[in-house]
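> Output the structure for:
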Amino acid sequence: MRNLNQDTITQAVLARFAGTPDARVKELMTSLVQHLHAFAREVTLTEAEWLAGIHFLTATGQKCDDKRQEFILLSDTLGLSMLTVAMNNDKPQGCTEATVFGPFHVEGAPHFDNGADVANGAVGEPCIVRGRVLGLGGEAVAGAEIEVWQADAEGNYDVQYADLGKFQARGVLNSGVDGSFTFRTIVAEPYPIPVDGPVGDMLRATRCHPWRPAHLHFMIKAPGYETLVTHVFRNGDPYLDSDAVFGVRQSLVADWVKQPDGVYSLDFDFVLNPAS
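Take a look at the predicted model:
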């Protein structure tokens, strides 16, 4: 088709994709084109602005590597990650709520026995975490794989240190026959998400702060149950109501209690949804 203009180009692009054999791919591409074109028309997008957007997305990709996922960070700070989590994790009442995955999960975390110290030298105040993994009916889930990871007291994950050479504040353990688990780690502290890349530029331009409230990451897997990806947030944190990635849920807020010996404790049970 020749001589397309701003009024006819959208339908021409949609017609180009009309023969897409996969129905879901066709639906996604059709909606994407319609919304992108509508956005450009709504804001009267200039060529210079779109070129700046391309440069931003290019820089976002260039910032990604096996330890840093800037596109996840971008999705998180735009609220898109949490929107997709909310849409795809509509669980029955009583199940533990899901929240964002975050950009600092890595494969190959070490395995630990119950009661072990997953901090492995990470800087922070000592803490004991205890809980149970249960099914929706209250049944104990034995042998559930529990993967945990967190930032240290300096606000950094282990993979953010260039020369650390080992995993810290990260590990995998399994629940016991009664669904219980326990591990030693460090107290969760609030921290800013990385601002040395395009996402940081965006936050500065929009006057948005980069802080996340203190939390522990959990990913729990067990046969017969849906995988749960969630956090436990520290009660009283000043950023609970302004999380940079919109991930806080009140049901996931818990108390870190300082014991007489100076060691903090966190008790939290997880309830899994049966697999459909």
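> Can you mark which positions in stretch 131-140 are buried?
If you call a residue buried by 16 or more other CB atoms under 10 Å, then stretch 131-140 has these buried ones: 131-135. All C-beta atoms are positioned from the backbone trio N, CA, C, and that covers glycine.
> hang on, I meant stretch 179-188
Using 16+ other CB under 10 Å as the burial criterion, the residues of stretch 179-188 that qualify are 179, 181-188.
> Likewise for stretch 218-229?
218-222, 225-226, 228-229.
> Adding secondary structure, write the buried residues of stretch 179-188 out as a markdown table.
Output for these, formatted as a markdown table (DSSP: H, G, I helix; E, B strand; the rest coil):
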| residue | secondary structure |
| --- | --- |
| 179 | coil |
| 181 | strand |
| 182 | strand |
| 183 | strand |
| 184 | strand |
| 185 | strand |
| 186 | strand |
| 187 | coil |
| 188 | coil |
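> Closest one of the buried residues of stretch 131-140 to residue 119?
Nearest to residue 119 among the buried residues of stretch 131-140, counting by CB to CB, is residue 131 at 17.2 Å.
> is it fair to say residue 52 lies in a helix?
Yes - membership of residue 52 in a helix is supported by three-state DSSP.
> Which residue, neighbours along the chain excluded, lies closest to residue 13?
residue 33 (5.2 Å; CB to CB, 6 or more residues apart in numbering).
> just checking, the one you found touches residue 16?
No - using CB atoms under 8 Å, residue 33 is not in contact with residue 16, being 9.1 Å away.
> So between the two, which is more surrounded?
residue 33 (17 against 12; other CB atoms under 10 Å).
> ok, residue 134 - contacts?
Residue 134 makes contacts with 140-141, 179, 269-272, as judged by CB atoms under 8 Å, 6 or more residues apart in numbering.
> where does it fall, phi/psi-wise?
Dihedral pair for residue 134: phi -130, psi 160, per degrees, to the nearest 10.
> measure it to residue 220 for me?
11 Å (CB to CB, to the nearest Å).
> what is in contact with these two at once?
270, 272.
> For the stretch 1-150 of the chain, just list every one of the strands.
Along the stretch 1-150 of the chain, the stretches classed as strands by DSSP state E, counting those that start in this stretch are 126-135, 145-149.
> outside of whichever helix or strand comes after the shortest one, which residues touch it?
Per DSSP states H and E, the first helix or strand lying C-terminal to strand 145-149 is strand 170-174. Residues outside strand 170-174 that contact it (CB under 8 Å, 6+ apart) are 106, 109-114, 116, 118, 120, 143-150, 157-158, 181, 183.
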